[in-house]
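Student: Predicted model and sequence below, questions to follow.
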Amino acid sequence: MGRHRGSMRGQTTLDFAIGVSIFLAVVVFTFGFLPSVLDPFDVVAEDNPIAADRTADNLAHGQLGSPDQPNVLDWYCTVEYFEGNASPDDCSYEGQTLEERLGLGVGDNANITITRDGSLSELLCWAPDTTPDGEPGLETDCTGNDVTMLAIGDERPGTQDTTIVSRRVVSLYDETVVLEVVLW
């Protein structure tokens, strides 16, 4: 009988070790799996695409354009907006800073650009006298003294940072251009 009791004690220790190992494996799996279960409920990640789309629509249909002619930007209001000037009486934007105009919260960053083809290599500027007869217009050569860069906001982050981009194809001074809103 003495031999039998000795083997039971060894079995009990082995059972305890297996039980603790299974328990620890379940705890590690639970803590590793739980964040991925809660990801769909992350409000911040879902809010940025909506904010970028809302901002692009607000610019194309309201602040720089009009609801009567959506996606047709008023060239005068657009130039004043990108120069950072206060809203003239016949323009629809309010506020002194870009954050105030877009209704951004503390810590939110934005960059708004108008390009010819959606790439930053075709960044446009407004030149008051680009043609030989002195007419204003859009240019990609933005080296003149009186030109207004059609880019406003914070410097765009690097490629490792998460950004949300929303684009609208719009008309500015009878030319088809791309209005791009980047939020991060």
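Tutor: Thanks, I have it. What you see is a predicted model; the values in this text were computed from it and never measured.
Student: When you work out contacts or count neighbours from here on, use the C-alpha atoms and nothing else.
Tutor: Fine.
Student: Now Asp117. Its backbone dihedrals?
Tutor: Geometry field for Asp117 lists phi and psi as phi -130, psi 10, criterion degrees, to the nearest 10.
Student: got the contact list for it?
Tutor: Contacts were defined as CA atoms under 8 Å, 6 or more residues apart in numbering; by that measure Asp117 touches 177-178.
Student: Would you tell me what the next helix or strand after the helix or strand of the chain with the lowest mean pLDDT is?
Tutor: Of all the helices and strands that make up the chain, the one with the lowest confidence by mean pLDDT, DSSP states H and E is helix 43-58; it has a mean of 74. Taking DSSP states H and E as the definition, the helix or strand that follows helix 43-58 towards the C-terminus is strand 72-73.
Student: any idea how far that following strand is from the chain center?
Tutor: Taking CA atoms, centre = their mean, to the nearest Å, the mean C-alpha location of strand 72-73 is offset from the chain mean by 22 Å.
Student: can you check stretch 106-126 too?
Tutor: Distance of stretch 106-126 from its chain centroid, counting by CA atoms, centre = their mean, is 12 Å.
Student: excluding its backbone neighbours, what's nearest Asp57?
Tutor: Of all residues beyond its chain neighbours, the one nearest Asp57 is Arg168 (7.8 Å), with distances taken as CA to CA, 6 or more residues apart in numbering.
Student: what sits up against the helix or strand encompassing that neighbour?
Tutor: Counting by DSSP H and E, the element that carries Arg168 is strand 164-172. Residues outside strand 164-172 that contact it (CA under 8 Å, 6+ apart) are 48-49, 52-53, 56-57, 60, 71-75, 176-184.
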